[in-house]
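Trainee: okay, here's the prediction I keep looking at, along with the sequence it came from:
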Amino acid sequence: MPDKLQDILVTPAEMAAIDRDAASSGIDSFSLMRSAGTSVSAAALRLFPAALRFVVLCGPGNNGGDGYVAAAALVESGAEVAVFSFGDPAMLKGDAARARDACALTPESVEAYRPRTGDVVIDALFGAGLARDLPEPLQAVIERVNESGIPVVAVDLPSGLDGRTGEVRGASFVAAHTVTFMAAKPGHVLMPGRSRCGTLEVADIGIPARLISARAGHLRVNTPASWKDHAAALDPATHKYRRGHLGVLSGGQAATGAARLSAAVGLRAGAGLVTLASPPDALAVNAAHLTAVMLKEVRNASDLAAWLKDKRLNAFVLGPGFGIGKKARDFALMLCDRALVLDADGMTSFSEGRAELFERIAQGGGDVVMTPHEGEFVRLFPEVAADARLSKIEKAAAAAKLSHAVIVLKGPDTVIADPSGRAVVNANAPPWLATAGSGDVLAGIVGAHLAQGMPAFEAAAAAVWRHGEAGTRAGRTATAETLVDHIPPLA
Ligand SMILES: NC(=O)C1=CN([C@@H]2O[C@H](COP(=O)(O)OP(=O)(O)OC[C@H]3O[C@@H](n4cnc5c(N)ncnc54)[C@H](O)[C@@H]3O)[C@@H](O)[C@H]2O)[C@@H](O)CC1
Ligand SMILES: Nc1ncnc2c1ncn2[C@@H]1O[C@H](COP(=O)(O)OP(=O)(O)O)[C@@H](O)[C@H]1O
Ligand SMILES: [K+]
């Protein structure tokens, strides 16, 4: 796969346009189908050399066409092959009809398929463009195959998954391996889709990279390529203030741990200095637990205003354990013309009165990153959360547009989106990141990146990636504290 296509995510609508562009540029579309089908048969033979029979399930469109090509290639390799079709194969058109004609096997109806030990299923029923629920009889076939435990190799995407959203349309195969073409689609990386694709192979079937780049939007998988240009190695002549000064706002004495996690990881993630701003009642407990992190008493808005006169304080984290209410709102409004991570209680405090926040962010010119999990997202963006048509990427992008902030919509498939429509989907996070305080650690990493001068989108994307890596390094028994100890270097 050409390097520049490596991380690109192409929506099914963009892919359909790319297909049309390829055809109108004179590329023979049947040769693309032949490459697609043979890359599937090659994968099946490579991964399942001991299969007793390959069962190719072919649908009514070009995905089915790929299936007929794969079936013919498998027959040629000497394997035992059976073909089952959904819909009347006589109704196939164009390239798919040609592929059917080139396959010597006579298909049976898919409903007649009964899984047998030793079978390997090639799922060529529907591709990534599926946008409505599968018919009931097909759902029953899929469930039967899933229950049988027979391995499935999916062509393009496991049938039943929506390639735009990753959602299940009635039922979907759970594949052991998926072969898609030219570029991954959102449905391969968004949940639950990602967990149903098995290993993902992106096959180059010969569509020129320029045709793909010309149609692809600003959607990527989150890898270092998305932000490494902003993660410069340290200048040997640097000093701690040049590495940035991060301020973290602590809650009252009963809830200080969350902010301390953000502060501790802030230093680890590269801020030159971190100061924890504490209300008076929490000073003693914070002092007892801090060493390299500094402590500052901040009682109220006027204390904060006085502290903000120090312009070297260039980024803040507000929210973890802070408490919900007017104080959080006042503080956030004062901080959002500097670089700010608004997390947890900081966001929830704006369940009412968000318009003022969003306006300030738009006017402030600072870099604001909000890091909601699903529950916080519903509170701050109820109308976006309730729109069932939107994918997680589209939800994060809509919230970014509405709030003028960079949105980190967390979960196993965290999406980072900015108001201009740029978005990345994260895929390196192990499930044991779902542990108390993990979000506080993430907020502190974003804050450290902002303090170092990274733009908000890159700061957030790099933080989510490092958080995922820290999870992998810390291992299954990770806690928020051990995540702090396992943050990998940025550059
Ligand atoms: N991307 C590319 O450049 C290439 C794509 N190819 C294949 O082409 C596929 C896309 O082909 P198509 O656009 O024909 O898509 P599909 O093969 O997924 O089939 C779409 C057809 O199924 C019908 N359909 C959709 N949802 C349905 C539902 N829920 N119930 C019943 N019928 C439904 C549609 O009306 C349409 O006739 C890709 O998945 C890939 O496998 C390859 O042939 C080679 C080139
Ligand atoms: N199943 C999962 N797989 C990978 N990462 C996850 C999963 N569930 C949650 N996470 C990540 O763990 C972190 C949890 O943050 P959050 O929900 O704010 O928890 P807390 O408030 O306990 O810190 C987020 O970064 C989120 O993306
Ligand atoms: K499929």
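Mentor: Received, thanks. Ligands and ions are numbered 1, 2, ... in the order given.

Trainee: spatially nearest residue to the residue in the stretch 251-400 of the chain that ligand 3 sits nearest to, not counting backbone neighbours?
Mentor: Across the stretch 251-400 of the chain, no residue is closer to ligand 3 than S391, which sits at 18.9 Å (CB to the ion). For glycine as for every other residue, the C-beta is placed from the backbone atoms N, C-alpha and C. Beyond its immediate neighbours in the sequence, the residue positioned closest to S391 (CB to CB, 6 or more residues apart in numbering) is T165, lying 3.9 Å away.

Trainee: related to what we said a few turns ago, quick one, phi/psi of the residue of the stretch 251-400 of the chain closest to ligand 3?
Mentor: Here is the backbone geometry of S391 (degrees, to the nearest 10): phi -80, psi 170.

Trainee: same check, this time on V179
Mentor: Here is the backbone geometry of V179 (degrees, to the nearest 10): phi -110, psi 110.

Trainee: cool, G64 as well?
Mentor: Residue torsions, per degrees, to the nearest 10, at G64 are phi -60, psi -40.

Trainee: which residue, other than its chain neighbours, is closest to it?
Mentor: Nearest non-adjacent residue to G64, counting by CB to CB, 6+ apart: C58, 3.8 Å away.

Trainee: one more: A104?
Mentor: In space, A104 is closest to V75, 6.7 Å off (CB to CB, 6+ apart).

Trainee: so for the one you found, what's the pLDDT?
Mentor: Reading off the per-residue confidence, V75 sits at a pLDDT of 98.

Trainee: what does P431 give?
Mentor: Among the per-residue scores, P431 shows a pLDDT of 97.

Trainee: list the contacts of it.
Mentor: With contact taken as CB atoms under 8 Å, 6 or more residues apart in numbering, P431 is in contact with P412.

Trainee: ok, it to ligand 3 distance?
Mentor: P431 sits 26 Å away from ligand 3 when distances are taken as CB to the ion, to the nearest Å.

Trainee: hey, where'd the strands end up in the stretch 351-491 of the chain?
Mentor: Using DSSP state E, counting those that start in this stretch, the strands of the stretch 351-491 of the chain run over 368-370, 406-409, 415-417, 423-425.

Trainee: residues contacting the residue nearest to S391?
Mentor: P186, G187, L190, G193, L390, S391, K392.

Trainee: and the fourth one, how many residues sit next to it?
Mentor: By other CB atoms under 10 Å, 28 other residues sit near G193.

Trainee: and for it, nearest residue in space, chain neighbours not counted?
Mentor: Closest residue to G193 in three dimensions, ignoring its sequence neighbours and counting by CB to CB, 6+ apart: G166, at 3.0 Å.

Trainee: how many residues are close by the one you found?
Mentor: If you count neighbours by other CB under 10 Å, G166 ends up with 27.

Trainee: wait, it sits on G411?
Mentor: No - between G166 and G411 there is no contact, the gap being 11.6 Å when judged by CB atoms under 8 Å.

Trainee: find residues that contact each of these two.
Mentor: Applying CB under 8 Å, 6+ apart, one finds that G166 and G411 are jointly contacted by M191, K392.

Trainee: out of the strands of the stretch 351-491 of the chain, deepest packed?
Mentor: Stretch with highest mean neighbour count among the strands of the stretch 351-491 of the chain: strand 415-417 (a mean of 31; mean count of other CB atoms under 10 Å).

Trainee: which helices and strands does it pack with?
Mentor: Here strand 415-417 is seen to pack against helix 392-403, strand 406-409, strand 423-425, helix 456-474 when contacts are counted using 3 or more CB pairs under 8 Å, 6 or more residues apart in numbering; DSSP states H and E.

Trainee: is it possible to get CSV of these that adds distance to N146 and mean pLDDT?
Mentor: Converted to CSV, those look like this (distance: least, CB to CB, whole Å; pLDDT from 0 to 100):
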stretch, distance to N146, mean pLDDT
helix 392-403, 24, 98
strand 406-409, 29, 98
strand 423-425, 25, 98
helix 456-474, 28, 98
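
Trainee: who touches stretch 321-338?
Mentor: In this structure, residues lying in contact with stretch 321-338 by CB under 8 Å, 6+ apart are 249-252, 255-259, 300-301, 304-305, 308, 313-316, 318-319, 340, 342, 344-346, 348-350, 353, 356-357, 360-361, 363-366, 368, 440.

Trainee: since that was my last question, I'll sign off now.
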